[in-house]
Structure formats: C-alpha cells, structure tokens
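**Q** from the sequence below, what's the structure:
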Amino acid sequence: MNNIGSSVSEVIAYIVSGVVYDRIGPKITFVGSFVIAIIGSLLYITLSAQYPSAIFYMIISSKFGISSSFNVVYLANSLFPPTYSSTTFGLCNFVARLASMLAPIFAEFPKPIPMTIFCIMAGVASGVSFLLRTNDKDRARTRSFAESVVESVHSYNKVKVDDNMKEVDLD
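**A** Coordinates of the predicted model:
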C-alpha cells in the first residue's frame, strides 16, 4: 500500500507540476512545491504522535512537494544559459549524491530529527527559489524550441504543421 500510494503521488505530482509550470512559471512552481513539502513535514513533526493513522498522508504530501519540484528542475532548463547549465546540473548532481550518502546516517537519528532536517532543507530551497530570475521570454524560448523539434520531426515524416501545431496534408 505504501509503495502504491508513493507511486501514485509521484505521478500526480509530475502531471500537476507540469501544468502549473506551464501556466505560472518556474519560480512560483518551485516555491509552491517546497511549501507543500514543508507543510507535510511540519504536520508530521507536530502531529504524528497524536494522529498515527494520518502519518501516511503527511509523508505522501511531503513526497508530492519534492517530486513536483524535482520535475520542475527538468522543465525549467532555460533558467541558466546553455554554457552554464551542464555545470549547474553537475553541481546539483554532486550535492544530491552527497545527500544520498548521508541519508542512511540521518535516518538513524531519533524520530523527529530526520523530518526536521528535511523541513529545514526544503525551507532553504524555497527561499533560494525566490532568488530565481525568470521571465516569460524563457518559457517562450522553451516552447518555441519544443515546437521546432515537433516541426522537424513532422518534416522528416513528410508532414506539414500549421501555426496551431496541427498537421496539414501535403497532397
């Protein structure tokens, strides 16, 4: 049941974060995702002893927030110039692997401490997300790039695409 709930939460988070990112942008989507994770972890820290049957939902809400923020990392590939994006992803990958190595050690701490660390890290990430400089041109560039990829695939397949991204017969 836990694995199924976790997987369903993750899939829904990916879908919802994609829609929210497309409508609102990366900054608010990042902050909102981290705030959802913080709320879930704060509920766990403060109310898990009184409501043990709700622990599953508290953890799933935290997982939902982190999964949606993880998805936005890959959607918001226009936040950094292309010359710095590989370095940025490499640095983030390094920090993530370091955190993965330390996670089993933190998991052995007494009960509220691991979730408190998670809450603090999500709070720091939410604060850093406020510092992102974004504009609509970045999303427009990403969208136009995606449209150009679709158009090139259709031209390879001998299909023409009009301005509304609908296929038009060449015959």
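**Q** okay, now I55: neighbour count?
**A** I55: 14 surrounding residues under other CB atoms under 10 Å. All C-beta atoms are positioned from the backbone trio N, CA, C, and that covers glycine.
**Q** what helix or strand is it located in?
**A** Using DSSP states H and E, I55 sits within helix 55-75.
**Q** residue boundaries of the strands in this structure?
**A** Assigned by DSSP state E, the chain shows strands spanning 160-161, 167-168.
**Q** shaky segments in this structure?
**A** Counting by pLDDT under 70, the chain contains low-confidence ranges at 1, 134-171.
**Q** which parts of stretch 41-61 are buried?
**A** Along stretch 41-61, the positions that meet the burial threshold by neighbour count (16 or more other CB atoms under 10 Å) are 41-45, 48, 58-61.
**Q** so how far is that stretch off the chain centroid?
**A** 22 Å (CA atoms, centre = their mean, to the nearest Å).
**Q** which residues touch T29?
**A** Applying CB atoms under 8 Å, 6 or more residues apart in numbering, one finds that T29 lies in contact with 17, 20-21, 68-69, 72, 76.
**Q** got TSV for those residues, with neighbour count too?
**A** What follows is these, written out as TSV (neighbours: other CB atoms under 10 Å):
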residue	neighbour count
S17	24
V20	19
Y21	22
S68	27
S69	23
V72	23
A76	20
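**Q** could I get those residues as a markdown table with distance to A122?
**A** Rendered in a markdown table, the data for the contacts of T29 read as follows (distance: CB to CB, whole Å):
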| residue | distance to A122 |
| --- | --- |
| S17 | 15 |
| V20 | 17 |
| Y21 | 18 |
| S68 | 12 |
| S69 | 8 |
| V72 | 14 |
| A76 | 17 |
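**Q** ok, so of the residues you listed, who is nearest P112?
**A** For P112, the closest of the contacts of T29 turns out to be S69, at 22.4 Å, with distances computed as CB to CB.
**Q** how near is the residue nearest to the closest one when sequence neighbours are not counted to R23?
**A** The spatially closest residue to S69, leaving aside those adjacent along the chain, is S33, at 3.7 Å (CB to CB, 6 or more residues apart in numbering). From S33 across to R23, the span is 14 Å (CB to CB, to the nearest Å).
**Q** what about the two, which has more around it?
**A** Relative neighbour count places S33 above the other of S33 and R23, with 28 against 9, counting by other CB under 10 Å.
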